[in-house]
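Chemist: sequence and predicted structure, then a few things I'm wondering about:
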Amino acid sequence: MILSIGLTVTIALQIQNGLGKHIQELTPAMMTDSLKAFWASVWIYNLALTATKISILTQYLRVFPVPRFRTACFVVMGFVVLYGLWTLMGSIFLCFPVEFFWDKTIANGKCLNQEAVWFSNAAVNIAQDVVILFLPLTVLKSLRIPDRQKKALIVVFGLGGV
C-alpha cells in the first residue's frame, strides 16, 4: 500500500509539472521536475509489482500445504525476488550518472536503451504473471471434490487472473 501511495504521489508530481501538456508549453524546470518524478515512479512501480507478486505467492503458500506445490512456489518466489532486485537496480541506475536521466546536459552521461529495458521487463513480468496465475491449477485439479466444485474453484482462480 505504501508503494502504491508513493507511485500515486510521483504521478501527481508529474502532472503538476506538465504531464499531458505539449512539450513546448513546459519550462525547463518543469521538464526536469517531471523527469525526476518519472524516474522515481519507474523504480517505485517495479517495487510495487514485485511486492504484489510476493504477496500472491505467500497467499498460495498459506492456502495450499502440498509439499511439491510449496517447493514450486518458493522457486517462483525466488525468481520474482531476484528479478525484482534486477529491475529495481536497473531502473535506478538506468543512466550514469543517475542525474543524466533528467539532465541530458551532463557531460559524458549515458543511458541504457530505455525502450529495450522496459519492453524486456514487460515481457518477463507478463511471463511471471502467467506462471503465477497457472501455478495453483495443478493442485486444484488434484483435489478430491466433485467435478462441479473443482470447475467452480478453477473459474474463481481464473477470474483472479482477469
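Modeler: Noted; the coordinates are in hand.
Chemist: quick check, central residue of this structure?
Modeler: Taking C-alpha atoms, centre = their mean, the centroid of the chain lies closest to Leu49, which sits 2.9 Å from it.
Chemist: most distant residue from the centre of the protein?
Modeler: Computed with C-alpha atoms, centre = their mean, the residue of the chain farthest from its C-alpha average is Pro146, at 36.9 Å.
Chemist: give me the residues contacting the strand or helix carrying Ala127.
Modeler: Assigned by DSSP states H and E, Ala127 belongs to helix 114-134. Defining contact as C-beta atoms under 8 Å, 6 or more residues apart in numbering, one finds that helix 114-134 is touched by 46, 49, 53, 56-57, 76, 79-80, 83, 87, 90-91, 94, 157-158, 160-161. Quick note: C-beta positions are derived from backbone N, CA and C, even for glycine.
Chemist: same thing but at 6 Å, please
Modeler: By C-beta atoms under 6 Å, 6 or more residues apart in numbering, the surrounding residues in contact with helix 114-134 are 56, 76, 87, 161.
Chemist: picking up where we left off before, OK, contacts around the residue farthest from the centre of the chain?
Modeler: Applying C-beta under 6 Å, 6+ apart to Pro146 gives no contacts.
Chemist: start at 512 instead
Modeler: Okay, residue one is now 512; in that scheme the one you just asked about reads as Pro657.
Chemist: distance of it relative to Tyr571?
Modeler: From Pro657 across to Tyr571, the span is 23 Å (C-beta to C-beta, to the nearest Å).
Chemist: could you do Leu530 as well?
Modeler: 37 Å.
Chemist: which of those two has more residues huddled nearby?
Modeler: A side-by-side neighbour count of Leu530 and Tyr571, using other C-beta atoms under 10 Å, places Tyr571 first with 19 against 15.
Chemist: just confirm that one is within a strand.
Modeler: No: read with DSSP: H, G, I helix; E, B strand; the rest coil, Tyr571 is helix and lies in no strand.
Chemist: thought it was touching Cys584?
Modeler: Yes: if you go by C-beta atoms under 6 Å, Tyr571 and Cys584 touch, sitting 5.3 Å apart.
Chemist: quick check: buried residues in stretch 601-621?
Modeler: If you call a residue buried by 16 or more other C-beta atoms under 10 Å, then stretch 601-621 has these buried ones: 601-602, 605-606, 611-614.
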